[in-house]
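Chemist: please find the sequence and the predicted model below.
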Amino acid sequence: MRLATVTEPKGERAALVLADDTLAFVDELAPGAPHDVLGVIDAGDELWSRLRAAASSRRRGLPLEGARLLAPIPRLRRNAFCVGWNYSEHIAEGHGLRGGSEPEKIPQWPAFFTKNPRCVVGPDAAVVHPAPHSDQLDWEVELAVVVGRRGMDVREDDALGYVFGYTVANDVSVRDVQRRHGGQWMKGKNFDTHLPLGPWIVSADELGDPHALAIRSRVNGVVKQDSSTRHMVFRVPRILRDLSLGMALEPGDVVLTGTPSGVGFARTPPEFLKVGDAMEMEIERIGTLRNTIAMR
């Protein structure tokens, strides 16, 4: 099941992307269902089962081509949770370049930070360049987990049962701002529009193993990152276990799982995004998230 948010003259509506890449609105597939993706997630297993059955029997929907997709969850209820340093080669490529904030070796515990809801934009939306505050704008393709049910102190063995699905994220980062605030990342990771999400959420049952996916990024058609989620240091169950210690995960929470090597600041010479640059973030079995850099 692929769940998207579509904007139309009457407003935003949750829709399923069918097997033939057409759209069917959730409230038409299941009369009485919520109109929004958060409502669909909140509704739980009974509605999800009804939607799967309805989608499998639906012959065809509306053309996907030409539809305007928003971020699957256009307005997060709270900050997105993010993991830093979760691919060993990404730790290695940036060693000595982060102003002493990076670990000397593979960490024993994941490093967490958050991005606020105003960072979120959807497919084909503009990502605003940080000028005049900085010219060090960077890309990071990431697998994002969408939580499906509430849980605190989640056991690692049970953690995947709390996942509704997965989407593609781009943890856009302003590198010099990220480094200059005492070694913590919040400000440099929280410029408006700096969290593209999409193009849709693929349900956990359809995606399968989240640790066996090709993950790559391209800028202006040139491959910058090319790896696999099997190289994660901390896998999804461990991330959800540690994140939920003493803090409840809620339906609709979004958790970014880190980026592989190939980011701009660690290249020789460093590369940073410019106005007009086109970014493509792609994860196998999910899809491609496209955004362009624009002036404010």
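Modeler: Structure's in. What do you need? Numbering: from 1, shown residues only.
Chemist: how about G148: what's its closest non-neighbour residue?
Modeler: Of all residues not flanking G148 in the chain, F164 sits nearest, at 3.0 Å (C-beta to C-beta, 6 or more residues apart in numbering). All C-beta atoms are positioned from the backbone trio N, CA, C, and that covers glycine.
Chemist: count of residues packed around A204?
Modeler: 20 (other C-beta atoms under 10 Å).
Chemist: ok, now how distant is the spatially closest residue to it that is not a sequence neighbour from E206?
Modeler: Leaving aside its chain neighbours, A204 sits nearest to V163 (4.7 Å; criterion: C-beta to C-beta, 6+ apart). Note on V163: its distance to E206, by C-beta to C-beta, to the nearest Å, is 12 Å.
Chemist: more neighbours: the two, which one.
Modeler: V163 (22 against 14).
Chemist: just list whatever residues bridge to that one.
Modeler: Note on V163: beta-bridge partners by DSSP bridges are V147.
Chemist: wait, it sits on G148?
Modeler: Yes: between V163 and G148 there is a contact under C-beta atoms under 8 Å: 5.9 Å.
Chemist: can you map out the strands along the stretch 151-296 of the chain?
Modeler: Using DSSP state E, counting those that start in this stretch, the strands of the stretch 151-296 of the chain run over 163-170, 173-174, 195-203, 214-219, 222-228, 254-256, 278-283, 287-294.
Chemist: can you say which of these is nearest to A19?
Modeler: strand 195-203 (12.5 Å; C-beta to C-beta).
Chemist: tell me how far that closest one lies from the chain's centre.
Modeler: Distance, stretch centre to chain centre, for strand 195-203: 6 Å (C-alpha atoms, centre = their mean, to the nearest Å).
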